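Peer 1: Sequence and predicted model, in that order:
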Amino acid sequence: MFEFCTDPATLDTLRWFSCYLTNGAHFLFYQSFLVVFALLAVTAPAALAFGFAAAAASRSQILPLSWLGKTYTAMVRGVPDIVFFLFFVLVLDQGIEFLRHSVVCPDWTDPIRQGANFLVCPDARTPQSSAPQWVHETYGFALAVFTYAIVFGAFCGNVLFGAMRAVPRAQLETGEAYGMSRRQVFWRILVPQMWIYALPGLSNIWMILIKATPLLFLLGIEDIVYWARELGGSRTSAYQYPHPDWRFWYFFGLLVFYLAFTRVSEIVLARLTARLSHGQATAAGEDLRKAAA
């Protein structure tokens with residue numbers, strides 16, 4: 001990046017580090033932080049949508065719908081995250097290829113399952129081997145986001161279901177007494193008031209989601225953990241780095257990053273909780289009322 005980086009042997013310590021930390025591999029490391037932020041930005045609302053759908057289905061008076069919502073919440077929450085991530089992504093990927101295979105290669109006669117191999121026709125490969133690299137990366141990221149949303153959507157569903165039940169029943173009955181339909185009571189009374197009860201649980205899920213982002217490394221995505229391990233080691237299968245094993249310092253940097261990120265999240269969530277607590281019949285709302293008085 002700098003002109004004096006052309007001959008590293010002539011550099012003092014400060015200039016050597018300035019050249020080392022601004023090379024192409026480190027810029028990929030810095031860009032990988034954007035992958036983490038993008039994952040959180042997309043996964044959080046997607047998981048919340050899955051959770052809201054599961055909670056609404058769980059309180060439905062239609063029994064099959066209620067069973068579906070409760071089964072989804074209980075089943076996904078009961079499976080260890082790492083098992084679900086490794087298994088579900090594989091099944092989802094193969095399921096997509098199987099559906100494409102059934103459509104584009106109806107005359108294929110060879111078995112798809114051949115021992116441990118899963119073989120579909122070349123046209124059904126997703127994405128195609130000739131596709132640009134960004135297509136492969138986007139496809140892998142989309143699978144990861146969907147998997148994260150499924151897993152954390154189950155936790156959100158459990159929290160939102162409890163929050164819906166925490167809203168005083170008398171308020172819902174008042175809406176019904178004024179002639180509101182069940183749908184109007186749900187959207188105008190229950191949903192606006194449930195968030196203050198759900199926020200503590202959703203805050204914990206957000207923190208867990210932040211801590212779960214390193215699982216991207218297990219899904220083959222070049223995230224910050226991948227690059228910290230890659231750059232911190234003294235060598236890889238292809239390269240010899242001009243330093244000893246520095247993985248401790250790279251992972252220490254990730255520790256500082258995650259601690260700072262969670263601290264910022266705590267501040268934002270605390271302010272959001274205080275804002276939503278105004279006028280609410282909760283402990284936090286009562287504390288705000290006494291403080292104002």
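Peer 2: That came in fine, so what should we check first?
Peer 1: residues of the strand or helix carrying residue 266 that come out buried?
Peer 2: Assigned by DSSP states H and E, residue 266 belongs to helix 247-277. For helix 247-277, the neighbour count (16 or more other CB atoms under 10 Å) marks 250, 254, 258, 261, 265, 269, 273, 276-277 as buried. Where C-beta positions appear, they are placed from N, C-alpha and C, glycine not excepted.
Peer 1: now, the most widely separated pair of those?
Peer 2: Maximum pairwise distance in these, criterion CB to CB, is 40.7 Å, between 250 and 277.
Peer 1: For residue 93, give me its contacts.
Peer 2: 126, 143 (CB atoms under 8 Å, 6 or more residues apart in numbering).
Peer 1: actually residue 82, not the one I wrote
Peer 2: Contacts for residue 82 (CB under 8 Å, 6+ apart) come out as 215, 218.
Peer 1: Go again with 6 Å.
Peer 2: With contacts taken as CB atoms under 6 Å, 6 or more residues apart in numbering, residue 82 has no neighbouring residues.
Peer 1: Report how many residues lie close to residue 194.
Peer 2: Neighbours of residue 194 under the rule other CB atoms under 10 Å: 22.
Peer 1: And the pLDDT at the closest residue to it other than its chain neighbours?
Peer 2: Nearest residue to residue 194 in three dimensions, chain neighbours excluded: residue 163, at 4.2 Å (CB to CB, 6 or more residues apart in numbering). As predicted, residue 163 sits at a pLDDT of 91.
Peer 1: what does residue 289 give?
Peer 2: On pLDDT, residue 289 comes in at 46.
Peer 1: hang on, residue 138 is in a helix, isn't it?
Peer 2: Yes. Per DSSP: H, G, I helix; E, B strand; the rest coil, residue 138 lies within a helix segment.
Peer 1: what sits against the residue nearest to residue 194?
Peer 2: Counted by CB under 6 Å, 6+ apart, residue 163 has contacts 194, 197-198.
Peer 1: so which of those comes closest to residue 174?
Peer 2: Looking across the contacts of residue 163 and measuring by CB to CB, the closest to residue 174 is residue 194, at 16.0 Å.
Peer 1: On the three-state scheme, the residue nearest to residue 180 when sequence neighbours are not counted is what?
Peer 2: Distance criterion CB to CB, 6+ apart; nearest residue to residue 180, sequence neighbours excluded, is residue 188 at 7.0 Å. Three-state assignment for residue 188 (three-state DSSP): helix.
Peer 1: Would you check how far apart residue 188 and residue 174 are?
Peer 2: According to CB to CB, to the nearest Å, residue 188 stands 11 Å off from residue 174.
Peer 1: ditto for residue 137
Peer 2: 53 Å.
Peer 1: Which parts of the chain are helices?
Peer 2: 13-20, 24-58, 63-77, 81-104, 133-166, 169-177, 182-185, 191-212, 224-232, 247-277, 283-292 (DSSP state H).
Peer 1: between the second one and helix 63-77, how big is the angle?
Peer 2: In terms of direction (axes from the mean of the first three to the mean of the last three CA atoms, to 10 degrees), helix 24-58 departs from helix 63-77 by 150 degrees.
Peer 1: helices or strands up against helix 24-58?
Peer 2: In terms of contacts (3 or more CB pairs under 6 Å, 6 or more residues apart in numbering; DSSP states H and E), helix 24-58 is packed against helix 63-77, helix 133-166, helix 224-232.
Peer 1: Could you count how many residues lie near residue 115?
Peer 2: 7.
Peer 1: For it, give me the backbone phi and psi.
Peer 2: With angles defined as degrees, to the nearest 10, residue 115 sits at phi 70, psi -120.
Peer 1: roughly how far apart are it and residue 25?
Peer 2: For residue 115, the distance to residue 25 - CB to CB - is 38 Å.
Peer 1: cool, residue 107 as well?
Peer 2: Counting by CB to CB, the gap from residue 107 to residue 25 is 47 Å.
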